[in-house]
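Enquirer: How does the following fold in three dimensions:
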Amino acid sequence: MVVQFEKVWAAYRIEPVLRDIDWHWHSEQQWAILGGNGAGKSALAQLITEQLRPLRGAVDINPALHCNILHLSFELQRKLIDHDLRYDDSESRADAFDIGTTVAQIVLQKQAPSERFMQLAKQCGIAHILDRGIRFVSTGESRKALLARALLSEPSLLILDNPFEGLDIQSQGELRALINTLLQSPLKLLLLIKQVDEIPENVSHVLQLEAGCVIAAGPRQQIISDPQVDTMPRAALPELPPALERHYQIDPLKPLLALNHVAVSYNDQAILRDINWQLLWGQHCVISGPNGAGKSTLLSLICGDNHKAYGQDISLFGQRRGSGESIWDIKEKFGVVSTAAQLNHIARMRTAEVVASGLQDTVGLYRDCRGRERDIALQWLAVVGLTDFARSPFGQLSFGQQRLAMLARAMVKSPLILILDEPCIGLDQAHRQHILALVDAIAARGDCHILYVSHSAGELPACINQRLELVPTIAGGYSAQHSTVP
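Expert: Next up, the predicted model:
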């Protein structure tokens, strides 16, 4: 026996998240837990790691495994980033830049480098970024670093929460091969998965959760061949709230964004090289490229979050960057959905307050959310299907539900440009379809332009009419190739 659940009920505060769970994991089996957003997968993992206690029933864990169980999740990413930011001393440094905790330090956890460390770094595809700060690598790269960290500690049971999220196609294939190898090793793996096609071949058994209840459990092929598995009804798209009046004017004859010969490097390592690109009125652009290509760096240059924009030929909304505009003049025109922004939000704040903070461009809201601000926040929460969670702490939402709340937060101020950096990370198929339909509805209204970052070619909204691809150069770093989308 590895893990055994007997008639288990669990709740966050008073809200039930798991109901009457019976599940027996025998030692010869390797399991995946399948379910959509809010199904209860993370709660089940928290019961195994004893971060959550059952209300009723019993959870029994093999004593030989009990002391060495690891749960690899986006929440762990949040904690590492919070810790790194807390000790950032950029303001007191002459170069105004603190690289922070490196990828190697994250993986090693104060251990000395070893042959196994380097082997895992290569297996997980992070050998080339070991000296880079964890805050300055992509979401996919940081997830691979956390996997290497977990494997280096040699756990007896490893829980992987949506392991393929944020990875490009090549990295997904490499990780899938690594997981299939691990599934044949003595290590016990538990995979938390949103879609049937993500379940690795060497998983022997699948348990499907929906709304905290077991829908099906048994051998892998028996479960995934059931036509009812992994099918969720798509919610009807509600009418969008009216756009807010804008108190700024933009010259419609000039490009919204213009970058000329832009380059970015960190510690003499080129990231972006000779980027030339314009976003014109009426354009909606997909930005693509492998993990580490600099997509998030490019977005940070545009929306005012990267000091390396200064001194470069970047024009935003017809005005040269650094010609007297404030950071708030820039931010008011952008709405941003990204993993970094999501992980930086205050977990204990109510979801409606997180959404309303988008009106002020602050991380959190430091006064009561009431009146018009609250009405706008609630309207957008209804659009993304989270009305029932308005008063819930943001940290109690599943990662995918937080993602939906961040889209609502980005839209409350009716931005001129909506930046969507891998918006479907953490979302099940039904919610992915909902997001794509919602993005198309936002674009169709005609007052918002879309910048959409994605690794998945089949996961694009229909409104996309421009493509910007970051491709490697012989000299190092990535340059841009752009084209129109028919």
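
Enquirer: My guess is L240 contacts A382. True?
Expert: No - using C-beta atoms under 8 Å, L240 makes no contact with A382, being 10.3 Å away. From N, CA and C alone the C-beta is placed, and that goes for glycine too.

Enquirer: Closest to the centroid, which residue in the protein?
Expert: T339 (3.9 Å; C-alpha atoms, centre = their mean).

Enquirer: For I442, see how far away the nearest residue to that one once chain neighbours are set aside is.
Expert: Nearest non-adjacent residue to T339, counting by C-beta to C-beta, 6 or more residues apart in numbering: T139, 4.5 Å away. Per C-beta to C-beta, to the nearest Å, T139 is found 23 Å from I442.

Enquirer: swap in L299?
Expert: 18 Å.

Enquirer: for this structure, what spans make up the helices?
Expert: For the chain, the helices defined by DSSP state H occupy 41-48, 74-86, 103-108, 115-123, 139-152, 169-183, 220-224, 295-302, 327-331, 339-343, 351-356, 371-383, 399-411, 429-444.

Enquirer: which ones are touching the residue nearest to the centre of the chain?
Expert: T339 sits next to 74, 77, 139, 166, 421-422, 425 when contact means C-beta atoms under 8 Å, 6 or more residues apart in numbering.

Enquirer: Tell me the one of these nearest N62?
Expert: F74 (26.9 Å; C-beta to C-beta).

Enquirer: wait, doesn't the closest one sit right on F399?
Expert: Yes - if you go by C-beta under 8 Å, F74 and F399 touch, sitting 4.8 Å apart.

Enquirer: what's the overlap in contacts for those two?
Expert: 161-162, 426.

Enquirer: Give me the buried entries from the residues you listed.
Expert: 161-162, 426 (16 or more other C-beta atoms under 10 Å).

Enquirer: In TSV: these, plus pLDDT and distance to D313.
Expert: Shown next, in TSV, are these (pLDDT from 0 to 100; distance: C-beta to C-beta, whole Å):
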residue	pLDDT	distance to D313
D161	90	42
N162	86	39
G426	73	36
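
Enquirer: with those residues in mind, which one is nearest to L316?
Expert: G426 (29.5 Å).

Enquirer: Contact partners for that closest one?
Expert: 37, 74, 162, 165, 194, 398-400, 402-403.

Enquirer: Go through these and say which is closest to P16.
Expert: Once C-beta to C-beta is applied, the member of the contacts of G426 that ends up nearest P16 is S398, at 14.4 Å.

Enquirer: Spit out the contact partners of I199.
Expert: Taking C-beta under 8 Å, 6+ apart as the test, what I199 contacts is 32, 34, 191, 193, 206, 220, 224.

Enquirer: same thing but at 10 Å, please
Expert: I199 makes contacts with 32, 34, 191, 193, 206, 220, 223-224, 230, as judged by C-beta atoms under 10 Å, 6 or more residues apart in numbering.

Enquirer: Please identify which of those residues is nearest to N267.
Expert: Among the contacts of I199, and counting by C-beta to C-beta, the member closest to N267 is L191, at 35.8 Å.

Enquirer: which residue packs closest to the closest one, ignoring adjacent ones?
Expert: By the measure of C-beta to C-beta, 6+ apart, the closest residue to L191 outside its immediate chain neighbours is A32, 4.2 Å from it.

Enquirer: And D447, by the same measure?
Expert: Counting by C-beta to C-beta, 6+ apart, the residue nearest D447 is A243, at 5.3 Å.

Enquirer: Turn the helices of the chain into CSV, including mean pLDDT.
Expert: Compiled in CSV, the helices of the chain are given as follows (pLDDT from 0 to 100):
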stretch, mean pLDDT
helix 41-48, 93
helix 74-86, 65
helix 103-108, 90
helix 115-123, 92
helix 139-152, 86
helix 169-183, 86
helix 220-224, 88
helix 295-302, 87
helix 327-331, 83
helix 339-343, 72
helix 351-356, 90
helix 371-383, 89
helix 399-411, 88
helix 429-444, 88
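
Enquirer: one step back: generate TSV for the contacts of T339, with neighbour count and distance to A43 as supplementary columns.
Expert: TSV is the format used below for the contacts of T339 (neighbours: other C-beta atoms under 10 Å; distance: C-beta to C-beta, whole Å):
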residue	neighbour count	distance to A43
F74	25	15
Q77	22	19
T139	22	23
G166	24	22
D421	24	27
E422	24	24
I425	25	20
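
Enquirer: Return the member of those residues nearest to F394.
Expert: Nearest member of the contacts of T339 to F394, counting by C-beta to C-beta, is F74, at 13.3 Å.

Enquirer: ok, so what distance separates the closest one from Q402?
Expert: 9 Å.

Enquirer: again with G294
Expert: 25 Å.

Enquirer: again with K144
Expert: In terms of C-beta to C-beta, K144 sits 22 Å off from Q402.

Enquirer: Tell me which of those two has more neighbours.
Expert: With neighbours defined as other C-beta atoms under 10 Å, K144 and Q402 compare such that K144 has more, 29 against 24.

Enquirer: wait, isn't that one in contact with K122?
Expert: No - if you go by C-beta atoms under 10 Å, K144 and K122 don't touch, sitting 11.1 Å apart.

Enquirer: If anything else comes up later, I'll come back, but that's it for now.
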